[in-house]
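Peer 1: Any chance you could fold what I've pasted below:
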Amino acid sequence: YDLRVVAVDNAGNTTTSAAVTNVRVDNTAPSVTMDSPGAAVSGTVALSSTNDDGSGSGIDTVQFEYKSSSSSTWDAASPSWDTTLLTDGDYDLRAIVTDRAGNSTTSAPVTTNVDNVDPTVSFATPLAGGYVNAAAADPFTLVANANDVGSGVASVEFWTCDDDTVGCSSNSWTSLGTDATAPYEASWALPGTDGNRALRARATDNAGRQETAVVDVTIDRVVPETTL
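Peer 2: Below is the predicted model of the structure:
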């Protein structure tokens, strides 16, 4: 739209102002959808939203807000949301978008779980310092216990060391597979020679946090000799 002012004094004199052109009329609020950062998050999280103002005046600002799912009070959140300042648990997120004409829309909230605590993992079979003897099945079944009080355990991956170094000081590992369901297990084809072997299990929770356990076991599948 173009706008101008016509001024008339009491004597009937008139003056017309120069026109102000291309004034956009925008009475339609923009649309906004809060993008989910994921079912579970950890550390600093990038927040984003999907916004559209159609043929209106265009998006001016986007403000993010968060609150504990058990609370009714919203707080401002940076686009780089530092979750380490929060207590672990479920949080709601929303975006408030305003166009250049001042029309504003608040998105529906999305929920995510903040989890900044590492999972726990330990070997149930074999135990550290244990033995794998001639009676053990080959392949041998590795079993790990894993737990996460926040977002829950996503998976446990198992490895065997490629040599007999203690703790696998060579850091040469071969993956034996990943299990996403408890009890967490993997099949281990036993080496052809006796001696020390390091095993590793790594638990990953649904926020991507990880914890690792390493055990050394002794393989002794040669039966003793005896004479009465």
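Peer 1: Quick check: buried residues in stretch 120-128?
Peer 2: For stretch 120-128, the neighbour count (16 or more other C-beta atoms under 10 Å) marks V121, F123, P126 as buried. For the C-beta atoms, the positions are set from N, CA and C on the backbone; glycine is no exception.
Peer 1: What of stretch 106-124?
Peer 2: Neighbour count says stretch 106-124 has 107, 109-110, 112-119, 121, 123 buried, by 16+ other C-beta under 10 Å.
Peer 1: same check, this time on stretch 167-186
Peer 2: In stretch 167-186, residues buried by neighbour count (16+ other C-beta under 10 Å) are C168, W173, L176, D179, Y184, E185, A186.
Peer 1: before we move on, the earlier item: which ones among the buried residues of stretch 120-128 lie within helices?
Peer 2: Judged by DSSP state H, these include no members of helices.
Peer 1: which one of those is nearest P224?
Peer 2: P126 (20.4 Å; C-beta to C-beta).
Peer 1: Please tell me how far that closest one sits from N206.
Peer 2: According to C-beta to C-beta, to the nearest Å, P126 stands 28 Å off from N206.
Peer 1: A101 now?
Peer 2: 42 Å.
Peer 1: Tell me where the chain is predicted with low confidence.
Peer 2: Scanning the chain for pLDDT under 70 picks out no residues.
Peer 1: so where do the helices sit in it?
Peer 2: Going by DSSP H, the chain shows no helices.
Peer 1: Does S187 touch D138 like I think?
Peer 2: No. Between S187 and D138 there is no contact, the gap being 9.8 Å when judged by C-beta atoms under 8 Å.
Peer 1: In this structure Q63 contacts I96, no?
Peer 2: Yes. With contact defined as C-beta under 8 Å, Q63 counts as touching I96 (4.6 Å).
Peer 1: if we can go back for a sec, will you turn the buried residues of stretch 120-128 into CSV that also has distance to E211?
Peer 2: As requested, these are exported to CSV (distance: C-beta to C-beta, whole Å):
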residue, distance to E211
V121, 5
F123, 13
P126, 19
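Peer 1: Restricted to strands, list these.
Peer 2: Taking DSSP state E as the definition of strands, the buried residues of stretch 120-128 contribute V121, F123.
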